[in-house]
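*Asks:* predicted model and sequence below, questions to follow.
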Amino acid sequence: MSLTKPAMRGLLGKRLRFHLPIAFGLSILVAVAFKYTVTEPRKRAYAEFYKQYDAVKEFKAMREAGVFESVRPSGE
């Protein structure tokens, strides 16, 4: 009873031809899924937040709360 020799010649190339397209396909699929499940909702949330955000009003509120050392509250 003799064992067959393993096919070592060209094994890396053969395995790469099989696994490389699968790896690229899966990575593209994951990237597209991430874009539409994480990135796009985050961009919409930021856009919605900044539609009604008033930076001057926030600055005045922080100034009155005494957050800044260089700007005194209006009462002082």
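*Replies:* That came through fine.

*Asks:* tell me the secondary structure for Ser2?
*Replies:* Taken by DSSP: H, G, I helix; E, B strand; the rest coil, the conformation at Ser2 corresponds to coil.

*Asks:* one more: Arg44?
*Replies:* Arg44 - assigned by three-state DSSP - is helix.

*Asks:* for burial, what's the neighbour tally of it?
*Replies:* 10 (other CB atoms under 10 Å). All C-beta atoms are positioned from the backbone trio N, CA, C, and that covers glycine.

*Asks:* next one: Lys60
*Replies:* Counted with other CB under 10 Å, Lys60 comes out at 13.

*Asks:* distance of it from Val67?
*Replies:* Per CB to CB, to the nearest Å, Lys60 is found 11 Å from Val67.

*Asks:* what pLDDT is listed against the most centrally placed residue in the chain?
*Replies:* Geometric centre of the chain, nearest residue: Thr39, 6.4 Å, by CA atoms, centre = their mean. Confidence at Thr39, expressed as pLDDT, is 98.

*Asks:* what does Phe24 give?
*Replies:* Reported pLDDT for Phe24: 98.

*Asks:* tell me the SS of it?
*Replies:* Going by three-state DSSP: Phe24 is helix.

*Asks:* distance of it relative to Ala61?
*Replies:* 51 Å.
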